[in-house]
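**Student:** Quick one: sequence plus predicted model below, questions after.
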There are 2 protein chains.
Amino acid sequence: MDFESLRRLMISNRTVRRFDEKREISIEELERLVELVRYCPSGRNAQPLRYVLVNDEKEREKVFPLLKWAGYFTDWDGPEKGERPSAYLIQCLDTHLGANCLWNDGLQLEAITLSMHTLGLGGCIIKAINVPGLSEALDIDNRYAPRYVLALGYPAEQVRLEEMDGSNDADFKYYRTPDGEHHVPKRPLSELILHTRN
Amino acid sequence: MDFESLRRLMISNRTVRRFDEKREISIEELERLVELVRYCPSGRNAQPLRYVLVNDEKEREKVFPLLKWAGYFTDWDGPEKGERPSAYLIQCLDTHLGANCLWNDGLQLEAITLSMHTLGLGGCIIKAINVPGLSEALDIDNRYAPRYVLALGYPAEQVRLEEMDGSNDADFKYYRTPDGEHHVPKRPLSELILHTRN
């Protein structure tokens, strides 16, 4: 695999919040995604994260109301029926292996979402979750602390990257235009580089 | 890009701690890597992480003693001269944009390390850093909090994945064999899946 192919994959791998709910995702497909996190670097190599795999429609209906979608869209309660995710991966920390997981969480979420994209899937990483509700709804033992929910499905919305101007007070909020497109402003490289020592 | 190519990239993308220090890395190459984080998902889309790019030899000598390498190797102080990294990326949080960055840190580190690997580079994500020392050595304004150091260079060691047996008390520590090879035990998929709701 060459650098430019991977770069193009990252550019086109956009967060998606509306899906074609009719299209199912099998447990085998979810397992195929989770298998990849075996190969992610892990602090102290403890590999403390575990996943609950959810694809059944009844179980999905339990999970959905425990999530808060797109914080900036105060008049939108998340995707309508028919546009909801076809599956969820619940990322949990095994608290017997540590009180935190450093960068393991994000690293694994990037590995999973990039590989989802190669399969035509899209998703949304959700932190605003009702943790006690989720643990109860999915019978998650209290040894395991839910940290993120990755909602996934076949994308049913267009997402477009927009350039930010690099000024300090530029607005970074994502927004939706009347045509239903979702727009995501991104900072220029010059803003991401603090300085160089060369 | 297909799923299996990406999977193979993840499998062969191993953490490396000894490098061919003679081979330099240009600032342009470092910029090419950091550019990719523009396309990573970001909580609230705040994109709060910044990078300091270090490739100059004198600057690298300031950074090296501020890092702690391979915590399990108590009799090893990190790579010898000639085997040290050719560059560093210092990931910093812009504290004006938030007190934490959720999963942004790990997500960006996965994007960078995967793409490094396509260029023949390897690296190590280091959390055990002398933060005040680093801020002073590299003139990092106290608005920006160093969080991780990514050490990178051309690999000069062999790293091998080993299978763990999935038992609860299995040893997950990495180790080095007398032939100099570095071994990394990885949990089986069955251990990573808490349960399925299907």
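**Tutor:** Perfect, I can see it now. Note that the coordinates shown come from a computational prediction; the quantities given were computed from them, not determined experimentally. Residues are numbered from 1 along each chain as shown, chains lettered A, B, ... in the order given.
**Student:** which residue does chain A bring closest to chain B?
**Tutor:** In chain A, the residue that lies nearest chain B is A:Gly106 (2.6 Å; CB to the nearest CB). All C-beta spots, glycine's among them, are computed from the backbone N, C-alpha and C.
**Student:** Assign the residue nearest the centre of chain A to helix, strand or coil.
**Tutor:** In chain A, the residue lying closest to the centroid (CA atoms, centre = their mean) is A:Ile125, at 2.3 Å. Secondary structure, DSSP: H, G, I helix; E, B strand; the rest coil: A:Ile125 is strand.
**Student:** what pairs with it across the strands?
**Tutor:** Beta-bridge pairing for A:Ile125 (DSSP bridges): A:Leu150.
**Student:** Spatially nearest residue to A:Leu119, not counting backbone neighbours?
**Tutor:** Leaving aside its chain neighbours, A:Leu119 sits nearest to B:Phe3 (5.7 Å; criterion: CB to CB, 6 or more residues apart in numbering or on different chains).
**Student:** Would you agree the one you found is in contact with A:Met116?
**Tutor:** No - with contact defined as CB atoms under 8 Å, B:Phe3 does not reach A:Met116; the gap is 9.1 Å.
**Student:** A:Pro188: how many residues sit nearby?
**Tutor:** By the criterion of other CB atoms under 10 Å in any protein chain shown, A:Pro188 has 14 neighbours.
**Student:** ok, now which ones touch the nearest residue to it once chain neighbours are set aside?
**Tutor:** Nearest residue to A:Pro188, sequence neighbours excluded (CB to CB, 6+ apart): A:Gly166, at 4.6 Å. Going by CB atoms under 8 Å, 6 or more residues apart in numbering or on different chains, A:Gly166 touches A:Arg187, A:Pro188, A:Ser190, A:Glu191.
**Student:** Model confidence at A:Ser135, what's the number?
**Tutor:** pLDDT for A:Ser135: 98.
**Student:** Please settle this for me: is it part of a strand?
**Tutor:** No - read with three-state DSSP, A:Ser135 is helix and lies in no strand.
**Student:** neighbour-wise, which of B:Phe3 and A:Met116 wins?
**Tutor:** Using other CB under 10 Å, the more surrounded residue of B:Phe3 and A:Met116 is A:Met116, with 24 against 16.
**Student:** Check for me that that one belongs to a helix.
**Tutor:** Yes - A:Met116 forms part of a helix when assessed by three-state DSSP.
**Student:** Surely it and A:Leu152 touch.
**Tutor:** Yes - using CB under 8 Å, A:Met116 is in contact with A:Leu152, at 6.1 Å.
**Student:** Pull up the overlap in contacts between the two.
**Tutor:** A:Gly122, A:Gly123.
**Student:** Can you report how many residues lie near the nearest residue to A:Lys68 once chain neighbours are set aside?
**Tutor:** Excluding its sequence neighbours, the residue lying closest to A:Lys68 (CB to CB, 6+ apart) is A:Ala128, at 3.6 Å. Using other CB under 10 Å, A:Ala128 has 12 neighbouring residues.
**Student:** for A:Ala128, what are its contacts?
**Tutor:** A:Leu67, A:Lys68, A:Trp69, A:Gly71.
**Student:** Any chance of a markdown table for the residues you listed, columns pLDDT?
**Tutor:** Listed next are these as a markdown table, based on pLDDT from 0 to 100:
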| residue | pLDDT |
| --- | --- |
| A:Leu67 | 97 |
| A:Lys68 | 95 |
| A:Trp69 | 94 |
| A:Gly71 | 84 |
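**Student:** I'd like to know which of those are buried.
**Tutor:** A:Leu67, A:Trp69 (16 or more other CB atoms under 10 Å in any protein chain shown).
**Student:** From the contact counts, what lies against the worst-scoring helix or strand of chain A on mean pLDDT?
**Tutor:** Lowest mean confidence among the helices and strands of chain A (mean pLDDT, DSSP states H and E): strand A:193-197, at a mean of 93. In terms of contacts (3 or more CB pairs under 8 Å, 6 or more residues apart in numbering or on different chains; DSSP states H and E), strand A:193-197 is packed against helix B:27-35, strand B:49-54.
**Student:** Contacts for the following helix or strand past the last one next, please.
**Tutor:** The one in question is strand B:49-54. Later in the chain than strand B:49-54, the nearest helix or strand by DSSP states H and E is helix B:57-63. By CB under 8 Å, 6+ apart, the residues outside helix B:57-63 that reach it are A:197-198, B:54, B:84-88, B:90, B:134, B:137-138, B:149.
**Student:** Could you pull out the strands in chain A for me?
**Tutor:** Ranges of strands within chain A are A:49-54, A:87-94, A:122-126, A:144-153, A:159-163, A:175-176, A:182-186, A:193-197, based on DSSP state E.
**Student:** Hmm, A:Val37 is touching A:Leu49, no?
**Tutor:** Yes - at 7.0 Å, A:Val37 counts as touching A:Leu49 under the criterion of CB under 8 Å.
**Student:** list residues touching both of these two?
**Tutor:** Shared contacts of A:Val37 and A:Leu49, counting by CB under 8 Å, 6+ apart, come down to A:Gln108, B:Leu192.
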